[in-house]
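Asks: Here is my input; please provide its structure:
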Amino acid sequence: MSAQMQAIRRDFSVHDLAIEANVSGVTGTVAVQARQSVEETEWLLTVAQSSLLVKGVVGWVPLIDPNVTEWLDKWKSNPLLKGVRHILHDEADDEYMLRPDFNAGIRALMSYGLRYDLLIFERHLPQTISFVDQHPNQVFILDHIAKPRIRDGALDPWRINISRLAERPHVYCKLSGMATEANVDNWNSDTLKPYFDHVLEAFGPSRIMFGSDWPVLNLASSYATWVQIVDQWLSNLNKAEADAIRRDTAIRIYGLDPQL
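Replies: Residues are numbered from 1 along each chain as shown. Have a look, this model is predicted:
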């Protein structure tokens, strides 16, 4: 981590998460991987097994490994593993998701009932559309609305490509990671609202879910502030639509306990 990331250069535990969640009235979360290691996946599953707050895990598995099913077999009896993610936007190859070996790993996920979280930058959207088209029956969840160039005030070509991606009904969108894509020292809800409005128009409430991106969120905001901003946006929707974004879409798509 660089010096600019000092706010998160420490360990964060489920106890830290519980403090933030309690303040904001959040009663259930999905923990998502941050490292490309099976050891972290194991650790996240252990945390979830011992915490009433963590209802599911999106872990990491070596998708390009021809023996990836051996790892998936290891965890197939663990109902807390809900999905898999690979940090695509950190790969040197912008078309990494189109590699045949990576796609072979993605094809293995369906038989285990696992979702795939997409972590990309805006520039990856065209190839991501080609990627998801190869897997029309696999559920995909787009993290951080594809990290548009909010600090530059740029809407296009992100807006055009998000609309194209949203035409694929097996793709869902996580409302998260927006504050850190703005100027972290000078932004407000109005800065982000055009991006929220377009995602809402493109995907609709039934295919959008709230996400915090905590603790990375701490670089630009607090957990409570982010929840308040999203609640402000949702106040213009009816209760069913707002509830879908707050909780119902995540429960349905990740297969979580509905009693959150």
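
Asks: In contact with the most centrally placed residue in the chain, which residues?
Replies: The chain has residue 143 as the residue nearest its centroid, 3.3 Å off, counting by CA atoms, centre = their mean. Contacts for residue 143 (CB atoms under 8 Å, 6 or more residues apart in numbering) come out as 32, 85, 117, 118, 119, 120, 174, 176, 177, 211, 213. Placement of C-beta: from N, CA and C, glycine included.

Asks: was I right about the last one contacting residue 147?
Replies: Spelled out, it's residue 213. No - assessed by CB atoms under 8 Å, residue 213 is found out of contact with residue 147, at 10.3 Å.

Asks: Touching both of those two, which residues are there?
Replies: Joint contacts of residue 213 and residue 147 (CB under 8 Å, 6+ apart) are residue 177.

Asks: Figure out how far stretch 235-243 is from the centre of its chain.
Replies: 21 Å (CA atoms, centre = their mean, to the nearest Å).

Asks: sorry, that was for stretch 57-71
Replies: With CA atoms, centre = their mean, you get 18 Å for stretch 57-71.

Asks: what comes up buried for that stretch?
Replies: Buried residues in stretch 57-71, counted by 16 or more other CB atoms under 10 Å: 57, 58, 59, 60, 61, 63, 68, 69, 71.

Asks: Can you name the residues in contact with that stretch?
Replies: Contacts to stretch 57-71, defined as CB under 8 Å, 6+ apart, come from residues 30-33, 35-38, 40-41, 44-45, 48, 72, 75, 80-86, 99, 101-102, 104-106, 108, 115, 117.

Asks: okay, the contacts of residue 143 in TSV with pLDDT and neighbour count next?
Replies: Putting these into TSV (pLDDT from 0 to 100; neighbours: other CB atoms under 10 Å) gives the following:
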residue	pLDDT	neighbour count
32	98	23
85	98	21
117	98	26
118	98	25
119	98	22
120	98	22
174	98	25
176	98	22
177	97	21
211	98	24
213	97	23
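
Asks: any chance of those residues in JSON lines, with secondary structure and distance to residue 257 too?
Replies: What follows is the contacts of residue 143, written out as JSON lines (DSSP: H, G, I helix; E, B strand; the rest coil; distance: CB to CB, whole Å):
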{"residue": "32", "secondary structure": "strand", "distance to residue 257": "18"}
{"residue": "85", "secondary structure": "strand", "distance to residue 257": "21"}
{"residue": "117", "secondary structure": "strand", "distance to residue 257": "19"}
{"residue": "118", "secondary structure": "strand", "distance to residue 257": "24"}
{"residue": "119", "secondary structure": "coil", "distance to residue 257": "25"}
{"residue": "120", "secondary structure": "coil", "distance to residue 257": "29"}
{"residue": "174", "secondary structure": "strand", "distance to residue 257": "19"}
{"residue": "176", "secondary structure": "coil", "distance to residue 257": "21"}
{"residue": "177", "secondary structure": "coil", "distance to residue 257": "25"}
{"residue": "211", "secondary structure": "coil", "distance to residue 257": "18"}
{"residue": "213", "secondary structure": "coil", "distance to residue 257": "23"}
